[in-house]
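S.K.: show me how the following folds:
(one chain, ligands or ions: 3)
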Amino acid sequence: MNNTDANFSLLQRQPNVPAKFFWPEKDVIPSEGDLELPIINLSGFLNDETETQLAAKAVREACMDHGTFLVINHGFKSGLAENALETSSLFFGLSKDEKLKAYRTPGNISGYTAGHSQRFSSNLPWNETLTLAFKKGTPKVVEEFLTSRLRDERQEIGQVFQEFCEAMNGLIMELMELLGISMGLRDRTYFRRFFEEGNAIFRCNYYPPCKQPDKALGVGPHNDPTAITILLQDDVVGLEVFAGGKWQTVRPRPGALVVNVGDTFMALSNGIYKSCFHRAVVNKEKVRRSLVFFSCPKEDKVIVPPPELLEGKEASRRYPDFTWHQLQRFTQSGYRVDSTTLQNFSSWLASESVKDQVVHKEST
Ligand SMILES: C=C1C[C@]23C[C@H]1CC[C@H]2[C@]1(C)CCC[C@@](C)(C(=O)O)[C@H]1[C@@H]3C(=O)O
Ligand SMILES: O=C(O)CCC(=O)C(=O)O
Ligand SMILES: [Fe+2]
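M.R.: Ligands and ions are numbered 1, 2, ... in the order given. This is a model prediction of the structure:
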């Protein structure tokens, strides 16, 4: 039993929220209104060129601004998304001892956490999470992590999440083609091919009700360090995006998925598309859940923008060459993902390469 782990079944009943869950004023400034997002209807996409070009134009405008849009008619098997949400409630409803069998040890991606109290000492997120590495080439990888940690009768949890990840992965590949078209690439399949051998990280977020929702946050303000994120939220409002100089609510829409640009895709677009700066707020009355699929390139693939994005005379490289393996390691070995991850990572890379050169020089 991990005794420093946050126990939300006790915490949510206490009259006061512990101060370690409070965030700085600047991070809890209330949102102002709803963010109006383009709604991309995927049933027409790729079948009808006019629809495709209209969708691409809307995606381009949104991604150059705040990096967020919605997709509908994504073609998931009926009931799959609802079943996945219900299955996440089943997992988080397990006893603390059972959930701790799937505990996420610092430095690893897969596993259960509560308040990230193992990794951080302040500004703790008011959430329980289950994070699972999804690797395309290894069938049942999601399922096997859970069955290896939980008792056999919980097998359906891993099976549902595995099926949901496969569907999300199919959608990622369609979105990569839409993004290639939206950037006007000569080869519209450039990004689809770039991520062909990519992997993903699947995250279930569970946000208990909170007695002080004006001081705590479900997830603090951040940019996802990954490439493209697809987020399924339940019907409880909570996701907010920073756009137009203020926090704005992404209102839940039945049947819609939220898509947002992450740091790795911002680098791949040479900064033309913006990594979405977002957070999740909590409330006093209701549990809120979200299921998040973070696409990542193959670990050792070097992140270099498509050549045509570097052709213009003033089109200089905005970010250094890097691999997802390096950026993921950076986020898991001490640096806490925030709004300037990519800039800090770039400086860290530069200092590492200076160190390597010094070591190399000394050894010659
Ligand atoms: C590479 C990753 C780091 C996080 C999990 C994946 C993709 C999203 C990242 C995260 C969810 C962004 C918000 C902050 C974070 C610390 C969290 O709330 O869990 C991030 C994850 C992490 O560092 O473990
Ligand atoms: O729950 C949400 O709406 C946001 C979650 C999120 O940003 C994340 O898990 O990275
Ligand atoms: Fe996020």
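
S.K.: burial of residue 280, as a residue count?
M.R.: Neighbour count of residue 280, defined by other C-beta atoms under 10 Å: 23. Quick note: C-beta positions are derived from backbone N, CA and C, even for glycine.

S.K.: phi, psi for it please.
M.R.: Backbone dihedrals for residue 280, given as degrees, to the nearest 10, come out at phi -130, psi 120.

S.K.: and the nearest residue to it once chain neighbours are set aside, what is it in contact with?
M.R.: With C-beta to C-beta, 6 or more residues apart in numbering as the criterion, residue 280 has its nearest non-adjacent residue at 3.6 Å, and that residue is residue 218. With C-beta atoms under 8 Å, 6 or more residues apart in numbering as the criterion, the residues that contact residue 218 are 125-127, 205, 207, 238, 279-282, 288.

S.K.: next: residue 24.
M.R.: Taking C-beta under 8 Å, 6+ apart as the criterion, residue 24 is in contact with residue 123.

S.K.: measure it to residue 304 for me?
M.R.: Counting by C-beta to C-beta, to the nearest Å, the separation of residue 24 from residue 304 is 36 Å.

S.K.: which pLDDT value belongs to residue 187?
M.R.: Each residue has a pLDDT score; the one for residue 187 is 94.

S.K.: from residue 115, how far off is the residue lying closest to it once chain neighbours are set aside?
M.R.: Of all residues not flanking residue 187 in the chain, residue 180 sits nearest, at 7.2 Å (C-beta to C-beta, 6+ apart). With distances taken as C-beta to C-beta, residue 180 is found 39 Å from residue 115.

S.K.: give me phi/psi at the closest residue to residue 174 other than its chain neighbours?
M.R.: Spatially, and ignoring its direct neighbours in sequence, residue 174 is nearest to residue 42 (6.5 Å; C-beta to C-beta, 6+ apart). Reported as degrees, to the nearest 10, the phi and psi values for residue 42 are phi -80, psi -10.

S.K.: from now on call the first residue 57
M.R.: Will do, 57 is the new start, and the previous item becomes residue 98.

S.K.: residue 98: how many residues sit nearby?
M.R.: Neighbours around residue 98, by other C-beta under 10 Å: 19.

S.K.: what residues does this protein put near ligand 2?
M.R.: Taking C-beta under 6 Å from any ligand atom as the criterion, the chain approaches ligand 2 at residues 259, 261, 275, 280, 287, 289, 294-295, 334, 336, 346, 348.

S.K.: mind checking which of those residues land in helices?
M.R.: Per DSSP state H, helices hold no members of these.

S.K.: out of those, which is nearest to residue 240?
M.R.: residue 280 (24.4 Å; C-beta to C-beta).

S.K.: burial of the closest one, as a residue count?
M.R.: A total of 28 residues lie near residue 280 under the criterion other C-beta under 10 Å.

S.K.: go on, the one 3 residues further on?
M.R.: Other residues within reach of residue 283, judged by other C-beta under 10 Å, total 29.

S.K.: show the pLDDT at it.
M.R.: Model confidence at residue 283 (pLDDT) stands at 98.

S.K.: check residue 60 too.
M.R.: Residue 60 carries a pLDDT score of 53 in this model.

S.K.: do residue 351 as well
M.R.: Note on residue 351: pLDDT of 98.

S.K.: and what of the one 10 residues further on?
M.R.: Residue 361 carries a pLDDT value of 95.

S.K.: I figured residue 324 hits residue 358, correct?
M.R.: No. In this structure residue 324 lies outside contact range of residue 358 using C-beta atoms under 8 Å: 10.5 Å.

S.K.: who has more neighbours, the two?
M.R.: More neighbours sit around residue 324 than around the other of residue 324 and residue 358, counting by other C-beta under 10 Å; the figures are 27 against 11.

S.K.: average pLDDT for the strand or helix carrying the residue nearest to residue 243, rounded please.
M.R.: For residue 236, the element it lies in under DSSP states H and E is helix 211-238. Model confidence over helix 211-238 averages 96 on the pLDDT scale.
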